[in-house]
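Visitor: predicted model and sequence follow; I will ask about them next.
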Amino acid sequence: MRPPSHPSHEGSHPPRHRAPRSSRSLASRLQAPLRVGTAIFAVLTFVIGTGTLYLAVKKPDTLAQLTSPETDLAAAKVDGAARQQARLRANRSLERTTPGVGDKASARGRNRTSLQKTSPTPTPTPKVTKKPAPKPVAAAPKAAPKAAPKPAAPKRLADGRPDFKLPFTCGQRWRFTTYANHNPEDKKIDFFFQDGETRGQPVRASAPGTVVKLLPEIGAVKIDHGQRWTTMYNHMDPIMVEVGQEVSQGEQIGEAGSVDTGVAHVHYEQIYDSDNDGRGASPSEIVNSILQGVKYSLHEGDTWPVVKSTNNC
């Protein structure tokens, strides 16, 4: 016999265990997705909490590096709140699962993180390389000061006196004068500059020699020329040599002045120490001057000669 065919559902009532689709509420339709989402969120929360706990206990340095302020600021602004919540959930999970451990681990992590945030990174001290001290250089030995050359020996005439020159600058012209009470009148000479002012003109040694006497009260210098011969120069201002100084022919010894006299001029004498007592007395040992090869014997009223100096020309 043919089995009785099952009655068709069309036009019949639906089974009792299944409500009609239209009669199901919105809450009943959302229950399944919510349960799935909740399960996924719980799993993620567990994984994140476990990973954070692992890093806090086993690798706090890595956790500190991940939470360091040196990470990208833009990323920290975006997910900072999420990371903070994850750390809080991990700490709460740790506290629930292992009493006491979560507190210690969290404290260690916070302390290390705080230290890394507050402690500045030490700047390495640059190594200072000492330069080797320069080797002292031996100073070159100072050359001994050269002694001033001694004046050349004077050229002498037949009577032994030096070849005396006018006691003035080469090329200058000077007038020879005297007066009656010069004592002796014919042997002492007063010089006046012919081409200008006498005062201030250089006075020069007639021949090489050594300064043996200064008489500042009359502006006088006495020079020894050897072999008993000396010369005297009066009325100079200033005097420019010292006793014991060796001078060469033509070397300046002072300037024409008017010390102990009313008119600027130069008084000149040639002296021979005939008794060899070292004094050269005046007037007995004053002789007639020979200047530039010419012997002079002057008297008041004569025509005064004008002579050009050849001293050290």
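Guide: Looks like it came in fine.

Visitor: CA only for contacts and neighbour counts going forward, please
Guide: Fine.

Visitor: flag every buried residue along stretch 47-54.
Guide: By neighbour count with 16 or more other CA atoms under 10 Å, stretch 47-54 contains the buried residues 48, 49, 50, 52, 53.

Visitor: repeat for stretch 262-281
Guide: 264, 265, 266, 267, 268, 269, 270, 271, 272, 273, 280.

Visitor: also stretch 200-209?
Guide: 200, 201, 202, 203, 204, 205, 206, 207, 208, 209.

Visitor: show me these that map onto strands.
Guide: Here DSSP state E is the test, and the buried residues of stretch 200-209 give 202, 203, 204, 209 as lying in strands.

Visitor: still on that earlier bit, pipe the buried residues of stretch 47-54 into CSV and attach secondary structure and distance to residue 179 per row.
Guide: Shown next, in CSV, are the buried residues of stretch 47-54 (DSSP: H, G, I helix; E, B strand; the rest coil; distance: CA to CA, whole Å):
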residue, secondary structure, distance to residue 179
48, helix, 137
49, helix, 137
50, helix, 138
52, helix, 133
53, helix, 134
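
Visitor: give me the domain ranges for this protein.
Guide: What the record gives for the chain is the domain set 30-118, 173-308, from automatic domain parsing.

Visitor: of all the ones you listed, which one is nearest residue 161?
Guide: domain 173-308 (6.3 Å; CA to CA).

Visitor: not counting its neighbours along the chain, what's nearest residue 224?
Guide: The shortest distance from residue 224 to any non-neighbouring residue, by CA to CA, 6 or more residues apart in numbering, is to residue 230 (4.5 Å).

Visitor: burial count for that neighbour?
Guide: Residue 230 is flanked by 25 other residues according to other CA atoms under 10 Å.

Visitor: deepest of the domains of the chain, which one?
Guide: Of all these, domain 173-308 has the most neighbours on average by mean count of other CA atoms under 10 Å, namely a mean of 18.

Visitor: ends of it, how far apart?
Guide: 4 Å (CA to CA, to the nearest Å).

Visitor: number the chain from 159, please
Guide: In the new count, where the first residue is 159, that last one comes out as domain 331-466.

Visitor: tell me where the model's unsure across this structure.
Guide: For the chain, applying pLDDT under 70 flags the ranges 159-187, 213-240, 244, 248-249, 251-282, 284-288, 295-299, 301-309.

Visitor: now do the helices in it.
Guide: Per DSSP state H, the chain carries helices over the ranges 184-215, 218-224, 231-255, 259-276.

Visitor: if we can go back for a sec, so can I have CSV of the buried residues of stretch 420-439 showing distance to residue 372?
Guide: What follows is the buried residues of stretch 420-439, written out as CSV (distance: CA to CA, whole Å):
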residue, distance to residue 372
422, 19
423, 18
424, 15
425, 14
426, 14
427, 15
428, 16
429, 16
430, 18
431, 18
438, 14
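
Visitor: and which of the residues you listed is nearest residue 190?
Guide: residue 422 (141.6 Å).

Visitor: you'd agree that closest one is up against residue 395?
Guide: No - between residue 422 and residue 395 there is no contact under CA atoms under 8 Å: 9.6 Å.

Visitor: how near is residue 466 to residue 356?
Guide: Taking CA to CA, one finds residue 466 at 15 Å from residue 356.

Visitor: no wait, residue 350
Guide: 6 Å.

Visitor: touching both of those two, which residues are there?
Guide: residue 423 (CA atoms under 8 Å, 6 or more residues apart in numbering).

Visitor: what's the separation between the residue nearest to residue 427 when sequence neighbours are not counted and residue 444?
Guide: With sequence-adjacent residues excluded and distances taken as CA to CA, 6+ apart, residue 427 is closest to residue 390, at 5.1 Å. Using CA to CA, we find residue 390 at a distance of 10 Å from residue 444.

Visitor: any residues in contact with both of these two?
Guide: Shared contacts of residue 390 and residue 444, counting by CA under 8 Å, 6+ apart, come down to 427, 428, 429.
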